[in-house]
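> Provided below are the primary sequence and the corresponding predicted coordinates.
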Amino acid sequence: DAGVTQSPTHLIKTRGQQVTLRCSPISGHKSVSWYQQVLGQGPQFIFQYYEKEERGRGNFPDRFSARQFPNYSSELNVNALLLGDSALYLCASRPKTNRAQGNDTQYFGPGTRLTVL
Amino acid sequence: GEDVEQSLFLSVREGDSSVINCTYTDSSSTYLYWYKQEPGAGLQLLTYIFSNMDMKQDQRLTVLLNKKDKHLSLRIADTQTGDSAIYFCAETSSGGSYIPTFGRGTSLIVHP
């Protein structure tokens, strides 16, 4: 089975531009989460979606938005890009699990490297 | 908020054992994870442990959990140069969000 896929792999933008990143979860996974990983740091949570509904939002400005489609793929949009938005953006999917029986494990994609000049 | 702390660097010789340590503050942690990240790549799940377990072994990997001290460790036996990477500790709490909190990562360097 294919893992989580993300596109594009690399992206270069200039300040003030807008960007859209895409993610396809593992087949059968209905939950998608987005993370920002700045160089030298661990991933920071941005959004979580489950069954097309937003289930969680991290401490990021309104310039960041996301959505999930009926096929459970997802897009992350960032408007008015700043230099500080340069990072690796990771998408993760998670199967629907019962905590009494399973685990919370998230499976990560390879990421999109965004550089803002 | 919850914190996950890791030492930043570890250097070992090929063939030796590596032990990467992690401490966390959330007493309601449910699952604790170790992820591996190679240069330019995403995060690869290595192993996880449920909070009611003390130890989990998976081939060369051994995870030890001391829930009283909120201390998690990952031991890699017979470390190889291919194990060189950044290792992230992460935890999820029982709050229901399934959102892991990550440490800053430990960079493991394996010398031939």
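Nice, thanks for sending it over.

> what residue in chain A comes nearest to chain B?
A:Gly42 (3.3 Å; CB to the nearest CB). Where C-beta positions appear, they are placed from N, C-alpha and C, glycine not excepted.

> what residues are bridge-paired with the spatially most central residue of chain A?
With the centre of chain A defined as its mean C-alpha position, the nearest residue by CA atoms, centre = their mean is A:Trp34, 2.4 Å away. Note on A:Trp34: beta-bridge partners by DSSP bridges are A:Phe47, A:Cys91.

> pretty sure it contacts A:Pro25?
No: assessed by CB atoms under 8 Å, A:Trp34 is found out of contact with A:Pro25, at 11.6 Å.

> where do the contact lists of these two overlap?
Taking CB atoms under 8 Å, 6 or more residues apart in numbering or on different chains as the contact criterion, the common neighbours of A:Trp34 and A:Pro25 are A:74, A:91.

> count of residues packed around the closest residue to the residue of chain A closest to chain B other than its chain neighbours?
In space, not counting the residues next to it along the chain, A:Gly42 is nearest to B:Phe102; the distance is 3.3 Å by CB to CB, 6 or more residues apart in numbering or on different chains. By the criterion of other CB atoms under 10 Å in any protein chain shown, B:Phe102 has 21 neighbours.

> any idea what B:Phe102 is bridged to?
Residues found in beta-bridge contact with B:Phe102 (criterion: DSSP bridges) are B:Ala90.

> from A:Ser7, how far off is it?
With the distance defined as CB to CB, to the nearest Å, B:Phe102 ends up 24 Å from A:Ser7.

> show me the shaky parts of chain A.
When the per-residue scores of chain A are filtered using pLDDT under 70, the ranges that remain are A:1, A:97-104.

> for chain A, what spans make up the strands?
Counting by DSSP state E, chain A forms strands over residues A:5-7, A:10-13, A:19-24, A:31-37, A:44-50, A:53-57, A:64-68, A:74-78, A:87-94, A:107-108, A:112-116, given from the N-terminal end onward.
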